[in-house]
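> quick one: sequence and predicted model below, then my questions.
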Amino acid sequence: MPDFDAIVIGGGLVGTAVAYGLIRRGQKVGVLDEGDIAYRASRGNFGLVWVQSKGFGVPEYQRWTRRSSEDWAGFSTELLQETGIATGHERPGGLTPCLTESEFDKRQQLMEQLRSEAGDIPFEFDMLRPAALKKMLPVIGPDVVGASYTPYDGHANPLYTLRALHAALLKRGGHYVPGSRIENINAAPRQFSVTVRGETFSAPRVVLGAGLGNKALGAMVGLNVPVRPLRGQIIVTERLQPVLPMPTLMIRQTVEGTIMIGESREEAGFDDATSPEIIRTLAERAVKTFPFLRNVRIVRTWGALRVMAPDGLPVYEQSREFPGAFVCTCHSGVTLAAAHALHYAGYVIDGALPPELARFSTERFNVLAAA
Amino acid sequence: MFSLLPDTPRERLNVVINGKTVSVPPGFTAAAAMLLHNAGATRTTPINDEGRAPYCMMGVCFECLMEINGEANQQGCLVIVSEGMRINTQHGKREVQA
């Protein structure tokens, strides 16, 4: 009967980031990963480490995101040193191009709101018009009326990041169990056990980092985690010489040379397919933004399911009924990976979440239900 | 390494592989033309600059990317040769004209 300091359920970016964070603090950790039948948001996401559209009206979310983005470079370096795997993280700043004056005005208002809500943390942004924008991003097209810029945005390769986290876990003696669909958690305060494939794992802590699976898993440990799928579709092109020096909200060039085009949002249940209508809309906006894309080949498209709470914020909570059981879930597994590894894991060991994460508690769902 | 089947019709057309004019049977693909004339590596990889040559010959593996009539990154196994076609090795990532 393997005994651990913590069991982490979920082997995607969220689960492995928390698990790695626990292990680097000397914890003995078991990671139970469902397998290829899971929806695996970490295998389908876009790869932004993004600040400039996170947390309108929720300063706590802006601060948490910003903190992770500040930590990302160090996190990436640490993973490289641990594993030899480069995440491809860069932080050249980012842009949100606008195609109409009303988009531009709305964007400006949102950026001003973010700055006013940033409190005592400086929040720099620029609203760039085409002349200034062209200096930063020469391939911008004539239909772009302007863009917002912040220096805080960046991107990384989500698959290399996931691979690095897995490699770091294994290297430090983490116990990884694939093919682990959890049917039942035996829960008592600070005493949990899970049986998978005939093996029972016990630990005083369990962390739910299983994305859309957290809804059912949460119910087993007294946590209300009302996450639902929100589909995004992504287009990937052939590999090109470097042409986009920084990411935009919808389009980024990977270090390997492909251009990724994304940022659609659809309620499609658990259907993770692509649809011609969405792909066409994405391609049209991409070509308007960067006309050179008109002659660039698409090599692949895919759909993936974001893990969304009703208000779009992360969910961080410790079970009241079964202390020691934590949930960690969000739709920004890449952006928040550094915060989950470097900070969230520490709170799990401390046995208490700090006040700055109170805004992400499941309490808010009770309030919503009552309203 | 490769040779034509004995029953290949005698008809030929000319293509230019990396600057050298060669003849191939009509209906051949650009990738097959490269293989027939022992062009060796038909592309270099975008990250590590390693040589690669056509592999699946059915449009799936993307190993046969080559520059055909000036257009880079084409799947050579899906392009049928025509008279005078210029076929060049693809070197790494494609250049784009912005």
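Now that the structure is in, tell me what you want to look at.
> what's the helix or strand for B:Gln90?
Here B:Gln90 sits within strand B:86-91, counting by DSSP states H and E.
> what parts of chain B come near chain A?
Within reach of chain A by CB under 8 Å from any CB of the partner chain, chain B has these residues: B:Pro46, B:Ile47, B:Phe62, B:Asn73, B:Gly92, B:Lys93, B:Arg94, B:Glu95, B:Val96, B:Gln97, B:Ala98. C-betas here are computed from N, CA, C, even on glycine.
> mind listing the strands for chain B?
For chain B, the strands defined by DSSP state E occupy B:13-17, B:20-24, B:43-44, B:51-52, B:65-68, B:71-75, B:86-91.
> could you redo these as JSON lines and give each row distance to A:Tyr316, mean neighbour count and mean pLDDT?
Formatted as JSON lines, these follow (distance: least, CB to CB, whole Å; neighbours: other CB atoms under 10 Å in any protein chain shown; pLDDT from 0 to 100):
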{"stretch": "strand B:13-17", "distance to A:Tyr316": "60", "mean neighbour count": "18", "mean pLDDT": "98"}
{"stretch": "strand B:20-24", "distance to A:Tyr316": "64", "mean neighbour count": "14", "mean pLDDT": "97"}
{"stretch": "strand B:43-44", "distance to A:Tyr316": "47", "mean neighbour count": "21", "mean pLDDT": "97"}
{"stretch": "strand B:51-52", "distance to A:Tyr316": "46", "mean neighbour count": "14", "mean pLDDT": "97"}
{"stretch": "strand B:65-68", "distance to A:Tyr316": "45", "mean neighbour count": "24", "mean pLDDT": "97"}
{"stretch": "strand B:71-75", "distance to A:Tyr316": "44", "mean neighbour count": "20", "mean pLDDT": "95"}
{"stretch": "strand B:86-91", "distance to A:Tyr316": "48", "mean neighbour count": "19", "mean pLDDT": "97"}
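> of these, which approaches A:Ala268 most closely?
For A:Ala268, the closest of these is strand B:71-75, at 31.2 Å, according to CB to CB.
> paired strands for the closest one, with orientation please.
Under the criterion DSSP bridges, strand B:71-75 sits next to strand B:65-68 (antiparallel) in its sheet.
> CA-only coordinates of the strand it pairs with in PDB, if you can.
Below are the C-alpha coordinates for strand B:65-68, written out as PDB (Å, rounded to 0.1, in the frame of the first residue of the first chain):
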ATOM      1  CA  LEU B  65       8.300  19.100 -48.300                       C
ATOM      2  CA  MET B  66      10.000  20.700 -51.200                       C
ATOM      3  CA  GLU B  67      10.000  23.900 -53.200                       C
ATOM      4  CA  ILE B  68       8.100  23.500 -56.500                       C
END
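> just the residues contacting it, thanks.
Strand B:65-68 is contacted by residues B:30-31, B:34, B:42-43, B:72-76, B:79, B:85-90 when judged by CB atoms under 8 Å, 6 or more residues apart in numbering or on different chains.
> let's go with 10 Å and repeat that
Residues outside strand B:65-68 that contact it (CB atoms under 10 Å, 6 or more residues apart in numbering or on different chains) are A:238-239, B:15, B:17-18, B:30-31, B:33-34, B:39, B:42-46, B:52, B:54, B:72-77, B:79, B:81-82, B:85-91, B:94.
> how about the nearest residue to residue 61, chain neighbours excluded?
Because you didn't say which chain, this covers chain A. A:Gly55 (3.5 Å; CB to CB, 6 or more residues apart in numbering or on different chains).
> looking at chain B here, not the other one
Excluding the flanking residues, the one nearest B:Cys61 by CB to CB, 6+ apart is B:Tyr55, at 4.8 Å.
> report pLDDT for that neighbour.
Note for B:Tyr55: predicted pLDDT of 97.
> and the nearest residue to A:Glu117 once chain neighbours are set aside, what does it touch?
Nearest-residue entry for A:Glu117: A:Pro59, 4.3 Å, with adjacent residues in sequence omitted and distances by CB to CB, 6+ apart. Neighbouring residues of A:Pro59 by CB under 10 Å, 6+ apart: A:Leu114, A:Ser116, A:Glu117, A:Ala118, A:Gly119, A:Ile121, A:Arg359.
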